[in-house]
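Engineer: The following comprises the amino acid sequence and a computationally predicted model.
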Amino acid sequence: MLRFCAKKIIIAAVIFLLTLPSPQLVLGEKKGPGLIKNGREVSALPLRAVAWEEGNAWSVAPQELDLGRLEADHIVNGLITLKNAGAGSVPWSLEAPEGWGPEEAPALSGDLKTGLDYLRISLRSSMVRLQDNPDGKKVKTYNIQLRLEAGAAAVIYQRSLPLGDYREQLHIILPGSVSMISLKFKVAEETLGLVVGGSPRLDFGIAAPGRQLERQIKIANRSRETVKWRIIVPAGRRSDIPENLPPLKGRYVSFLNEENKGGAVYAPPPYLKDVLELSGKWLEHAGYPSASGSSNQLKFHFSGTGIGAYLWHGPDGGRLAAYLDDQLIYVYDGNYPERGREELPLVDGLSEGLHVLTFLNGEGRTVIEGVNIYGKELKKGNPGWIHVTPDSGTTTRETDYANIRLDTQQLHPGQYGEQILIDSSQGDIALGVFVEIIPEQTLKFFDIYRYVNKRGYLYTNNPQAEANQLASGGYRKEGIAFRLFATEAPGTTKFYRWYNGKNGDHYYSYDFKGGGKSLAGYVFEGSIGNIATSRLTNTRELYRWYNSKTGAHFYTTDQKGEGLTRKGYKFDGIAGYVR
């Protein structure tokens, strides 16, 4: 009871902290570890200590951080992991990179205690200017803001930069040595508008071998000029993909639920049901979980050495507290003048194993697109496993569409990640493609029994639980009609049942709204299992037949309807795919 009360007090305290106004940042202000809220310091709970290779008592990783493209009004983030395996604390400091202002640039410093700590890096681009170069020509320059944050201490440096590739050196001064970190990024103009379900990343979820998966991307032109584009896939023409393309880091997992779009309440996609938990009021926004106000919590269970999150920011953005295994690690502020999305690395360098990432939002709006799990090696598919149709086009002011199809026929179980490249006259865009293949034998099935009476047919997975209804309705058992999937099976969705007491008909569909059929007079009776919505390996069609005179529906895997055409039944479509 005391433990329960203490947990409620902690949650209430964090909600209070999230509602406080943002602290005023002073360049060069140095504070101890913790969160600064309204001028007060609140210590953050430390991360668990992890061990690594023997040697120095401290280490810094990675040595090179590639932040990718930085366009106007965009944000890119990075994470440097500091580790201390010794018993005492290790003092460190970091000075401003050369050429970055202000002139009296402050340094960032701290004490690395035993375990893990993080240096958070953020680059923001804004305010395009035209400046004269030595040749007298006008050159676009961008105001670049570099924010370095450790614990509650943060400093901001600025510099005006023209378009181009950059490599800046950060020097972390530790006892007896200097650790150099190479910071890479590209200042770039806005390119061809690309929207893929709201994100330039494609997560095909979890599937069994042998299935073909398909998603659609939308290509929109944000420039005033006509744009020519082509899509290059990593097969056959693999050499066309630039070698300097930043490699994928981690397995992207999208929280997008295509079937949930337009619904008031957000529900996780079926394959995330067991790892994504929500409490409070989460509504769907473009298919993603969105919350406003405090006390809304989202938990994601994962296995890996680290994790990052894809979050949306904007003028109405709020604060979001992130916990790892119940330890507070960061408070994200999503309030930003321009609307956009960003990847926020949260933790890395953890011990391999199961972890729980928890988000608790405060005042303001939160939209969580998904997560990026670190520590899992991504496999590459066989040549030709990614197909694109069409693979080129010309876009003016209209919107073009392309279909991305994955063929998992020859893929072994594991996590796969590849990049395809949209090469255009306005610049290049890399699009990450992800999928997890699981052994087919891990899928679970169960039998569906068919019963019949004078008025119609009933299908159930649990005759014992429905014994009273079967007896009172005068139903007679006909045997096993087909097999459905368990709820966790990837590529499947719930198969719902409705009952019409007037004509005695039972109707089944995986569409909660009835799949185009009027449900007037029908009572919803729940789900009898999961059905595949497209052909999986070793599945077959479940045909639906309908008797217009009696209003009864009949379901069978026999494409001839088991001879019921003689009794007035006519073919009424494919209800799904079953075993």
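Structural biologist: All right, it came through fine.
Engineer: and Lys502, that one's in a strand?
Structural biologist: No: according to DSSP: H, G, I helix; E, B strand; the rest coil, the state of Lys502 is coil, so it is not within a strand.
Engineer: residue contacts, the closest residue in space to it that isn't next to it in sequence?
Structural biologist: In this structure, Lys502 finds its nearest non-sequential neighbour in Gly521, 5.7 Å apart by CB to CB, 6 or more residues apart in numbering. The C-beta positions use only the backbone N, C-alpha and C, and glycine is treated the same way. By CB atoms under 8 Å, 6 or more residues apart in numbering, the residues touching Gly521 are 500-502.
Engineer: which residues of the stretch 201-350 of the chain score low on pLDDT?
Structural biologist: Counting by pLDDT under 70, the stretch 201-350 of the chain shows low-confidence ranges at 235-244, 263.
Engineer: ok, now with 90
Structural biologist: Along the stretch 201-350 of the chain, segments meeting pLDDT under 90 span 201, 205-249, 257-277, 279-280, 286-287, 293-295, 301-303, 326, 336-341, 350.
Engineer: what ranges do the helices span in it?
Structural biologist: Using DSSP state H, counting those that start in this stretch, no helices are found in the stretch 201-350 of the chain.
Engineer: coming back round to it: most neighbours among the contacts of Gly521, please name it.
Structural biologist: Compared across the contacts of Gly521, Asn500 has the highest neighbour count, 19 neighbours, by other CB atoms under 10 Å.
Engineer: Might one say that that residue is in contact with Tyr522?
Structural biologist: Yes: using CB atoms under 8 Å, Asn500 is in contact with Tyr522, at 4.9 Å.
Engineer: Sheet-wise, list the partners of the one helix or strand Val356 maps to with their directions.
Structural biologist: Secondary-structure assignment from DSSP states H and E places Val356 in strand 353-361. Using DSSP bridges, strand 353-361 pairs in its sheet with strand 296-304 (antiparallel), strand 319-324 (antiparallel).
Engineer: Now for Asn500 and Tyr522: what residues contact both?
Structural biologist: Tyr507.
Engineer: coming back round to it: closest to Thr550 out of the strands paired with strand 353-361?
Structural biologist: strand 296-304 (47.7 Å; CB to CB).
Engineer: who touches that closest one?
Structural biologist: 250-251, 253, 274-282, 289, 291, 307, 350, 352-361, 366, 368, 371, 373-376.
Engineer: Can you give me the buried ones in that strand?
Structural biologist: 296-298, 300, 302, 304 (16 or more other CB atoms under 10 Å).
Engineer: from those residues, which two are the most distant?
Structural biologist: Asn296 and Gly304 (24.8 Å).
Engineer: neighbours around the closest residue to Ile368 other than its chain neighbours, how many?
Structural biologist: Distance criterion CB to CB, 6+ apart; nearest residue to Ile368, sequence neighbours excluded, is Pro289 at 5.4 Å. Using other CB under 10 Å, the number of residues around Pro289 comes to 26.
Engineer: Name whatever forms a beta bridge with Pro289.
Structural biologist: For Pro289, the beta-bridge partners are Glu284 (DSSP bridges).
Engineer: List the residues that contact it.
Structural biologist: Neighbouring residues of Pro289 by CB under 8 Å, 6+ apart: 255, 266, 278, 282-283, 298, 367-368.
Engineer: how about a cut-off of 6 Å?
Structural biologist: 255, 266, 282, 368 (CB atoms under 6 Å, 6 or more residues apart in numbering).
Engineer: Tell me which of those fall in strands.
Structural biologist: Ile368 (DSSP state E).
Engineer: Could you say which of the contacts of Pro289 is surrounded by the most neighbours?
Structural biologist: In the contacts of Pro289, the most neighbours by other CB under 10 Å go to Phe255, 24 neighbours.
Engineer: Leaving out sequence neighbours, find the closest residue to that residue.
Structural biologist: That would be Gly370: by CB to CB, 6+ apart, it lies 4.8 Å from Phe255.
Engineer: ok, residues contacting the helix or strand where that neighbour lies?
Structural biologist: Using DSSP H and E, Gly370 falls within strand 365-374. Here strand 365-374 makes contact (CB under 6 Å, 6+ apart) with 199, 250-255, 285, 288-292, 300, 302, 304-310, 312, 316-318, 320, 348.
Engineer: Check stretch 401-416 too.
Structural biologist: Residues contacting stretch 401-416 (CB under 6 Å, 6+ apart): 204, 207, 209-218, 251, 376, 378-379, 381-382, 385, 387-389, 435-439.
Engineer: Could I get the buried residue list for it?
Structural biologist: 402, 404, 406-408, 411, 415-416.
Engineer: In strands, which of these fall?
Structural biologist: Those of these lying in strands (DSSP E): 402, 404, 406-407, 415-416.
Engineer: just these now: which is nearest Gly563?
Structural biologist: Closest to Gly563, out of all of these and judged by CB to CB, is Asp407, at 37.7 Å.
Engineer: So what pairs up with the closest one in the strands?
Structural biologist: Here Asp407 sits in beta bridges with Gln212, as judged by DSSP bridges.
Engineer: so what's Leu278 closest to, chain neighbours aside?
Structural biologist: Leu298 (5.4 Å).
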